[in-house]
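K.L.:
any chance you can model this:
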Amino acid sequence: MKKIILWLMLMAMPLQGCSIYKAATAAPPVEVDNVKVGSTRPTLLATLGTPKMTEVSDDQRTDVFEFISGHHGASKARILLYLAGDFFTLGLAELVFWPMELALLQGKEGRVVASYGSDDVVQKVLLLKKDGSAW
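P.N.:
Next comes the predicted model:
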């Protein structure tokens, strides 16, 4: 029995801190309310970052953005729970915390396709989740 516990502890050592790192580097929330018809291109760039792709044709620009909308910054307090779990279980808690962090707490992926007029004001916008459904 002691050998099994020692083996588990040794196997869990490389995982220590993985959930803490993922929680600390998780994406902040994206203000998707700024993504609407009538917004300006600089507003979308400030909200979503650099577009993944830009296409210009006939005085009309189309940008494709990909983003991850995470949780509020206060949710990073879960790092304290992860630290306590790692300390009291000698790292074995990472076997639960790390998959949970990856599966549930890294935010939602989305995509925006925005078409602008010649004045760089949004004329059409499509806001989608990663699976293609409406946001």
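K.L.:
give me the pLDDT for the residue nearest to Val121 when sequence neighbours are not counted.
P.N.:
Nearest residue to Val121, sequence neighbours excluded (CB to CB, 6 or more residues apart in numbering): Thr40, at 5.7 Å. (Glycine included, C-beta is placed from N, CA and C.) pLDDT recorded at Thr40 is 92.
K.L.:
right, and Thr40 touches Val122 too?
P.N.:
Yes - the criterion here is CB atoms under 8 Å, and Thr40 meets it with Val122 at 7.4 Å.
K.L.:
what's the burial count for the residue nearest to Val121?
P.N.:
14 (other CB atoms under 10 Å).
K.L.:
contact partners of stretch 42-61?
P.N.:
Contacts to stretch 42-61, defined as CB atoms under 8 Å, 6 or more residues apart in numbering, come from residues 30-32, 34-35, 41, 62-67, 112, 114-118, 120, 122-123.
K.L.:
now it: buried residues?
P.N.:
Applying a neighbour-count criterion of 16 or more other CB atoms under 10 Å, one finds 43-44, 47-48, 51, 61 buried in stretch 42-61.
K.L.:
for stretch 75-89, same thing?
P.N.:
76, 78, 82, 85-86.
K.L.:
out of those, which sit inside helices?
P.N.:
The helices, defined by DSSP state H, take in 78, 82, 85-86 from these.
K.L.:
quick check, pLDDT for the nearest residue to Ile20 once chain neighbours are set aside.
P.N.:
Excluding its sequence neighbours, the residue lying closest to Ile20 (CB to CB, 6+ apart) is Tyr82, at 4.9 Å. With respect to pLDDT, Tyr82 has a value of 89.
K.L.:
and Tyr82, what does it touch?
P.N.:
19-20, 23, 93, 97.
K.L.:
that's all I had, so thanks and see you.
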